[in-house]
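1. Starting from these lines, generate the structure:
(one chain, ligands or ions: 1)
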Amino acid sequence: MGSVSSVELAVAVADAGAVGTVTALGLSPGSLARLLDDATARTAGVVAANFLTGPVDRAAVEVAAQRLRLLDFFWSDPDPAVIELVHGHGALVSWQVGSVEEARAAVGSGADVVVVQGDEAGGHVRGVGSLLPLLAAVLDAVEVPVLAAGGIGHPRALAAVLAAGAAGARVGTAFIATEESGAHRTYKDAVVAAGPGASAVTGAFSFGCPLCVTSARHRVLRSCIVAAHALPEGVVGETRIGTRQVVLQKGSPLSPAATTTGNLGAMALYASDAAAAVDAIRPAGDVVRGLCDGAATLLAAQPG
Ligand SMILES: Cc1cc2nc3c(=O)[nH]c(=O)nc-3n(C[C@H](O)[C@H](O)[C@H](O)COP(=O)(O)O)c2cc1C
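-> Below you'll find the model as predicted:
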């Protein structure tokens, strides 16, 4: 999750019994190896690495497969050779998909787990429609465990997808306003303040965005679309990437991290309506436990 998914966040999520994911995006195989060694040394839980968009760096995949039990892919076509490489090191592969065809392609290529993303999801949207119909269609089409993603921030939403047959859920927005998240405080506060209907899909943050070449659809808080629209073209701020200070143009796909300065409210505040369930900045472990315990209680209360 870009600036949001710090190692601290992944470790806290893994400690709580969920899968904590770090991004491999933009990291050399050497840097990724150091990051993963650090993360796995800090938790006995499950850490995964996310490979966002192609072309997938096979050397980085190998580094991750040697260290992790699960590698996760999104926004690239399922590739049997990459999946075979991961399996060769004994790790599993999950592939986030946005359609039944893509789910079939992922499983046909060897993926062990499919994540179905509905268009309710925060961040870059691959989903071709709403989560529940898409989830039902994918569950009918493939035999592997299927996770649901998009708009899940409340225990009731988690209970709903589990009752529908999902093996679990993938959650993004609900972790933005956590203590361990790398998001800027202004971004966290905006998520806490957001209610139902606060997000929208836009193409407004496509400036220099490699994912947007395929499809410029990202779900953000409406407030940042309005704020960006009101600005003239040009610089909106600066951020630090590694040791580099980078100037952010209006429409940049980078969301504000702790070190970002400038007009933060006009930057890409990726989030979904799951933000409506976020009422405070909490430890990430509490978010995991709140969702899982709440869903378990709801499901146990169902008749029959
Ligand atoms: C801030 C943010 C950043 C994201 N970055 C990534 C990413 O780097 N890789 C990825 O596979 N998905 C990314 N996603 C999408 C998630 O995988 C997932 O589909 C989405 O968060 C689910 O919807 P939700 O935000 O309503 O929980 C991101 C989502 C958000 C909100």
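2. make it CA atoms for all contacts and neighbour counts henceforth
-> Noted.
3. got the residues of the stretch 151-300 of the chain near the ligand?
-> With C-alpha under 6 Å from any ligand atom as the criterion, the stretch 151-300 of the chain comes near the ligand at residues Gly151, Ile152, Val171, Gly172, Thr173, Tyr270, Ala271, Ser272, Ala274.
4. residues touching the first one, list them.
-> Taking C-alpha atoms under 8 Å, 6 or more residues apart in numbering, we find Gly151 in contact with Glu120, Ala121, Gly122, Ala157, Val171, Thr173, Ser272, Asp273, Ala274.
5. same check, this time on the last one
-> Ala274 sits next to Gly150, Gly151, Ile152, Gly153, His154, Thr173, Ala174, Pro196 when contact means C-alpha under 8 Å, 6+ apart.
6. show me the contacts for Val226.
-> Val226 makes contact with Ala266, according to C-alpha under 8 Å, 6+ apart.
7. so how far is the ligand from it?
-> Between Val226 and the ligand the distance, using C-alpha to the nearest ligand atom, to the nearest Å, works out to 18 Å.
8. ok so that residue is a helix residue?
-> Yes: under DSSP: H, G, I helix; E, B strand; the rest coil, Val226 falls within a helix.
9. what about it, distance to Gly127?
-> For Val226, the distance to Gly127 under the criterion C-alpha to C-alpha, to the nearest Å works out to 24 Å.
10. Can you show me the strands along the stretch 1-150 of the chain?
-> Using DSSP state E, counting those that start in this stretch, the strands of the stretch 1-150 of the chain run over 19-23, 46-52, 70-74, 92-97, 113-117, 123-124, 146-149.
11. right, and the ones you listed - which one's nearest Thr259?
-> Closest of the strands of the stretch 1-150 of the chain to Thr259 is strand 19-23, at 18.1 Å (criterion: C-alpha to C-alpha).
12. Any buried residues in the one helix or strand Val191 maps to, and which?
-> Taking DSSP states H and E as the criterion, Val191 maps to helix 185-193. Applying a neighbour-count criterion of 16 or more other C-alpha atoms under 10 Å, the buried positions in helix 185-193 are Arg185, Thr186, Tyr187, Lys188, Asp189, Ala190, Val191, Val192.
13. cool, and stretch 106-120?
-> Judged by neighbour count (16+ other C-alpha under 10 Å), stretch 106-120 contains these buried residues: 106-107, 109-120.
14. and what of stretch 160-179?
-> By 16+ other C-alpha under 10 Å, the buried positions in stretch 160-179 come out as 160-162, 165-179.
15. Can you name the residues in contact with it?
-> When contacts are taken as C-alpha under 8 Å, 6+ apart, the neighbours of stretch 160-179 outside the stretch itself are 1, 4, 115, 122, 132, 135-136, 139, 145-153, 158, 181, 183, 187-189, 191-192, 270-272, 274-275, 277-278, 280-284, 287, 299.
16. mind listing the helices in the stretch 1-150 of the chain by residue range?
-> Secondary structure of the stretch 1-150 of the chain (DSSP state H, counting those that start in this stretch): helices located at 7-15, 29-41, 58-67, 80-88, 100-108, 131-141.
17. do you know which of those lies nearest the ligand?
-> Shortest distance between the ligand and the helices of the stretch 1-150 of the chain, using C-alpha to the nearest ligand atom, is found for helix 131-141: 9.8 Å.
18. Now do the closest one: distance to the chain's middle.
-> Between the centre of helix 131-141 and the centre of its host chain there is 20 Å, according to C-alpha atoms, centre = their mean, to the nearest Å.
19. That helix to strand 92-97, inter-axis angle?
-> Taking axes from the mean of the first three to the mean of the last three C-alpha atoms, to 10 degrees, helix 131-141 and strand 92-97 form an angle of 130 degrees between their directions.
20. Helix 131-141 to strand 113-117, inter-axis angle?
-> Interaxial angle, helix 131-141 versus strand 113-117 (the same axes, to 10 degrees): 150 degrees.
21. does the ligand sit close to helix 131-141?
-> No: using C-alpha under 6 Å from any ligand atom, helix 131-141 stays clear of the ligand, coming no nearer than 9.8 Å.
22. mind checking how far the closest residue to Leu92 other than its chain neighbours is from the ligand?
-> In space, and not counting its chain neighbours, Leu92 is closest to Leu70: 4.7 Å by C-alpha to C-alpha, 6 or more residues apart in numbering. Spatial separation of Leu70 from the ligand under the definition C-alpha to the nearest ligand atom is 13 Å.
23. dump the residue contacts of Leu70.
-> Residues Val46, Val47, Ala48, Ala49, Ala91, Leu92, Val93, Ser94 are the ones in contact with Leu70 under the rule C-alpha under 8 Å, 6+ apart.
24. Report the contact partners of Thr43.
-> Counting by C-alpha under 8 Å, 6+ apart, the residues that Thr43 touches are Val11, Ala14, Asp15.
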